[in-house]
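> Just need the structure, nothing else, for what follows:
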Amino acid sequence: MSGLVISGGRVVDPASGMDAVGDVAVVDGKIAAVGTGLGGAERVIDATGLVVAPGFIDLHAHGQSLPADRMQAFDGVTTTLDLEAGVLPVGSWYERQARKGRVLNYGAATNWAFARIGAMTGSNAESSLEAFGNAMRDRRWMDNVATDAEVSGILERLTRGLNEGGIGIGILNAYAPGAGVQELTAVCQLAAKQDVPTFTHVAFMSRIDPESAVEAYIRLIGYAGATGAHMHICHFNSSSKTDVERCRVLIEEAQGQGLPITVEAYPYGTGSTVLAAAFFSDPKFVERNGTGYDSVQRVTDGYRFHDREELLKAQAEEPSSLVLWHILDTENNAHHRDLLDMSVLYPGGAIASDAMPWTLSDGSTYTGDAWPLPDDATSHPRSAGCFTKFIREWVRERKAVSLLEGVRKCALIPAEILSQSTPAIRAKGRLAKDADADIVVFDYERLSDRATFTAMNRPSEGVRHLIVSGQVLISDGILDVTARPGKPVRRPIVEG
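The predicted structure is shown next:
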């Protein structure tokens, strides 16, 4: 057999239920066979004592750059998608990625927030972290209910993005809490008509009414029921704050009634976002969130804010700065650990990183070619170690789920969430004949995240080999820095 054979590994495929020693043969970017005795290839990878699994699919990755891809490669990721925020314009973004070349398979939704920015402020800047922060200086798109004409402009921009191949609609509702229910109903009706999911950062995250996380989930459930739109809940853990238990019951009941709702979570109690986020400037921030201003920490220098006045001043001066938000104290609070479990282990829920871009000490976003990353590159540990942390802690150490189920949450479930709307994802997340050859081979006993909040840019360890689109990207733990095997994951383009 020509091509590549991964020989003698523990083949773990959640789609078929296989968990047994075997071989995986790869030819022309596809899996040619799964079985035993598949030798005779041009190249053989001896996977004896290693796990062979479908590459992990990250539904929620904001980095979307060469350095972000490389860090996620060592986290076992082969496909990285920006769906919660998305991009705008969509077509030019995909063209730019193809020109630059990507290490991992990539894709994005169309961006509701930037559709709103364009329709309500007249700014048509391309979506980016910097443009997002700068747009927050004009609060009309954040605070105001859109007029009928503005709603038309929003829907027109979203439709164009979907027609250009966007993977659904990313709805950053919490960053524009003033958006009206009529507008969001129209957005969900568009998603239902186009048969694509929405990927929603729910409107409110407080533990108390009014505008609590519970209210936000009730709204989301209502959109699903009233419009038929597939509503995907982004970072179920951080969206629910310390009210995960109550919110989980609501989602379970809604799913039990057959509503099209899916969830994802990341295995950390600390979130990350831009400093200018509307919820930080809420006068009742402390009361509504149960955390002080010192829970907000600037990424570049580790500085923690002291009071609202100081934070508002920083918002005005450096709106695009990345910050950490320490929400659940999982190190010292057993109840908080239980809350994180409720979201991370949610049945049928995906693991997704919410990986952030890499930022240098001067505040600029790093998109360069250096490997390892520059010493001053910072982000969030989840940008380097989300999936390996989940496998290490919840699967190997705590045995909360089996390895087969752990891989399902990292690979197959994300693919299934997108499979109805996005044909390009249907051959991913599984090890089977004719599936895409996106494969991770790891040392189960050594697989571990290494990134911490004081050393964020340390790649995970234990991924011995990583194959993306049939090309070996990591071999014996060494990254091929010249490789650009990533291919677009995109819905069919609608001309006209």
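
> Where do the helices of the stretch 201-350 of the chain begin and end?
Remark: helices assigned in the stretch 201-350 of the chain by DSSP state H, counting those that start in this stretch are 213-227, 236-240, 244-256, 285-289, 308-317, 334-344.

> Among these, show me which one is buried the most.
With neighbours defined as mean count of other CB atoms under 10 Å, the helices of the stretch 201-350 of the chain peak in mean count at helix 236-240, which reaches a mean of 27. (Glycine included, C-beta is placed from N, CA and C.)

> what's the closest non-adjacent residue to Tyr366?
The shortest distance from Tyr366 to any non-neighbouring residue, by CB to CB, 6 or more residues apart in numbering, is to Trp358 (4.5 Å).

> Ok, Arg392 next?
Leaving aside its chain neighbours, Arg392 sits nearest to Ser448 (4.8 Å; criterion: CB to CB, 6+ apart).

> Pull up the gap between the residue nearest to Arg308 when sequence neighbours are not counted and Phe280, please.
Leaving aside its sequence neighbours, Arg308 sits nearest to Tyr293 (CB to CB, 6+ apart; 6.4 Å). As defined by CB to CB, to the nearest Å, Tyr293 lies at a distance of 8 Å from Phe280.

> So for those two, which residue has more residues nearby?
Phe280 (21 against 16; other CB atoms under 10 Å).

> I'd like to know how far that one sits from Val145.
Phe280 sits 22 Å away from Val145, taking CB to CB as the criterion.

> Contact partners for Ile233?
Contact partners of Ile233, counting by CB atoms under 8 Å, 6 or more residues apart in numbering, are Thr200, Val202, Tyr217, Leu220, Ser239, Ile251, Ile261, Thr262, Val263, Glu264.

> wait, Thr300
By CB under 8 Å, 6+ apart, the contact list for Thr300 reads Ser321, Leu322, Thr359, Leu360, Ser361, Asp362, Gly363, Thr378.

> pretty sure the third one is touching Ser379, no?
Yes - at 6.5 Å, Thr359 counts as touching Ser379 under the criterion of CB atoms under 8 Å.

> out of the two, which sits in the busier spot?
Ser379 (27 against 21).

> Residue ranges in this structure under the pLDDT threshold?
The chain contains residues with pLDDT under 70 at 1-2, 496.

> The residue nearest the centre of it - nearest residue in space that isn't next to it in sequence?
What sits nearest the mean C-alpha location of the chain, by CA atoms, centre = their mean, is His60, with 1.2 Å. Nearest non-adjacent residue to His60, counting by CB to CB, 6+ apart: Ala352, 3.8 Å away.

> Ala203 versus the one you found, what's the distance?
From Ala352 to Ala203 the distance is 20 Å (CB to CB).

> Please apply the same query to Tyr94.
To Ala203, Tyr94 is 29 Å away according to CB to CB.

> Those two - which one has more neighbours?
Ala203 (25 against 21).

> hmm, back to that, which residues pair with the residue nearest to the centre of the chain across the strands?
When bridges are taken as DSSP bridges, the partners of His60 come out as Asp82.

> what residues are up against it?
His60 makes contacts with 81-84, 199, 234-235, 264, 266, 352-355, as judged by CB under 8 Å, 6+ apart.

> Tabulate the residues you listed in JSON lines, adding columns for distance to Gly470.
Shown next, in JSON lines, are these (distance: CB to CB, whole Å):
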{"residue": "Leu81", "distance to Gly470": "20"}
{"residue": "Asp82", "distance to Gly470": "24"}
{"residue": "Leu83", "distance to Gly470": "25"}
{"residue": "Glu84", "distance to Gly470": "29"}
{"residue": "Phe199", "distance to Gly470": "28"}
{"residue": "Cys234", "distance to Gly470": "31"}
{"residue": "His235", "distance to Gly470": "32"}
{"residue": "Glu264", "distance to Gly470": "27"}
{"residue": "Tyr266", "distance to Gly470": "29"}
{"residue": "Ala352", "distance to Gly470": "25"}
{"residue": "Ser353", "distance to Gly470": "24"}
{"residue": "Asp354", "distance to Gly470": "29"}
{"residue": "Ala355", "distance to Gly470": "24"}
